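1. the following block contains a protein sequence and its predicted model.
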Amino acid sequence: MTDRPIKVLIAKPGLDGHDRGAKVLARGLRDEGFEVVYTGLRQTPEMIVTAALQEDVDVVGLSILSGAHLTLVPRVCSLLRERGMDDVLVATGGIIPDEDVPALKDAGVAAVFGPGTTITEVAEFLRANSRPRD
């Protein structure tokens, strides 16, 4: 067991240029005691997974509003598995239709957070479900 905080990578995959929610989440999770790395806008799945590997994160959080979630999110999950990071918890949030949630979960996403989800709800889920990567 470790005393270090849970380390979360927040990423914006694809061409989505709206990152206010991701920035609010990053700040909120920091306030909750998490260590947070924010990758910025317009990240490819490969860039996200490389950052996750380099930063040795426990969680990858994908914020997506562009509608490309069924393409980009499964690709991130697949690349994490290929890199031996299948123990990294993947969560996503943004504008994701309810009917797409089962496909994302089948791809390896642990949780999908929609509009109106509080920082506390996200933090509690991450604490309960992530495993430190020591």
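-> Happy to help now that I have it. Numbers count the residues shown, from 1 in each chain.
2. what helices or strands is the longest helix along the chain leaning on?
-> Longest helix of the chain, by residue count under DSSP state H: helix 69-82. Applying 3 or more C-beta pairs under 8 Å, 6 or more residues apart in numbering; DSSP states H and E, we find helix 69-82 packed against helix 45-55, strand 59-64, strand 89-94, helix 101-107. C-beta coordinates here come from the backbone N, C-alpha and C atoms, glycine included.
3. tabulate the ones you listed (a markdown table), appending mean neighbour count, mean pLDDT and distance to residue 32.
-> A markdown table is the format used below for the helices and strands packed on helix 69-82 (neighbours: other C-beta atoms under 10 Å; pLDDT from 0 to 100; distance: least, C-beta to C-beta, whole Å):
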| stretch | mean neighbour count | mean pLDDT | distance to residue 32 |
| --- | --- | --- | --- |
| helix 45-55 | 18 | 98 | 18 |
| strand 59-64 | 25 | 96 | 12 |
| strand 89-94 | 22 | 96 | 14 |
| helix 101-107 | 14 | 98 | 24 |
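4. tell me which of those lies nearest to residue 3.
-> strand 59-64 (17.3 Å; C-beta to C-beta).
5. adjacent strands (with direction) for the closest one?
-> Strand 59-64 has its sheet partners listed here by DSSP bridges as strand 7-11 (parallel), strand 89-94 (parallel).
6. which among the helices and strands packed on helix 69-82 is found nearest to residue 26?
-> Using C-beta to C-beta, those put strand 59-64 closest to residue 26, at 8.6 Å.
7. what about stretch 112-121, how long is it end to end?
-> Using C-alpha to C-alpha, to the nearest Å, one end of stretch 112-121 lies 12 Å from the other.
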